[in-house]
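Undergrad: predicted model and sequence below, questions to follow.
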Amino acid sequence: MNIAPYINLDGQCADAVAFYEKALQAKVKGIMRFGDMPNEEHPIPDEAKNRVMHAAIEIDGHTIMFSDTFPGQPFTYGDQLSIAIVSNDMERLKSIYHALADGGQVIMELQKTFWSPLYGMVKDKFGIQWQLNGEECKE
């Protein structure tokens, strides 16, 4: 299991990734924009296409992940950090998700997405946001 900080921004994500790449001597592991998503059922509005859906940098073997909010989503400075748990143990992710949701708030139900076999978001009873992301075993 891998645990990493996840930073949300409001349209400045690409600039932040470039800044941290230089300032922290980090390696950019990838950047995916909302416009890169498969969008047959839900077309992406023009103002969202260039925003970052997901990015990651690596600093000495440690990962920090980033994304922009989707246009119109609420954004409050100070609330832009969450913790991502990435694992190939789907049962453990389900258990962690339900434990964190107890007394908290479900932001996104656990579900299959185009990038993950199991993904969900929850804010625990202490106000900490968690992202749980299933990763398929690579053998």
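TA: Arrived safely.
Undergrad: can we go C-alpha only for contacts and neighbour counts from here?
TA: OK.
Undergrad: where exactly do the helices run in this structure?
TA: With DSSP state H as the criterion, the chain has helices at 13-23, 46-49, 90-101.
Undergrad: now those helices as a markdown table including distance to Tyr6 and mean neighbour count?
TA: Output for the helices of the chain, formatted as a markdown table (distance: least, CA to CA, whole Å; neighbours: other CA atoms under 10 Å):
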| stretch | distance to Tyr6 | mean neighbour count |
| --- | --- | --- |
| helix 13-23 | 12 | 15 |
| helix 46-49 | 20 | 14 |
| helix 90-101 | 17 | 16 |
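Undergrad: and Gly78, which of those is closest to it?
TA: Nearest to Gly78, of all these, is helix 13-23, at 15.2 Å by CA to CA.
Undergrad: now the closest one: mean pLDDT?
TA: For helix 13-23, mean pLDDT rounds to 92.
Undergrad: before we move on, the earlier item: now distance to Ile128 too, for the helices of the chain, in CSV please.
TA: Shown next, in CSV, are the helices of the chain (distance: least, CA to CA, whole Å):
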stretch, distance to Ile128
helix 13-23, 21
helix 46-49, 26
helix 90-101, 9
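Undergrad: OK, contacts around the nearest residue to Asp68 once chain neighbours are set aside?
TA: Excluding the flanking residues, the one nearest Asp68 by CA to CA, 6 or more residues apart in numbering is Leu9, at 4.6 Å. Residues in contact with Leu9 (CA atoms under 8 Å, 6 or more residues apart in numbering) are 66-69, 75, 80.
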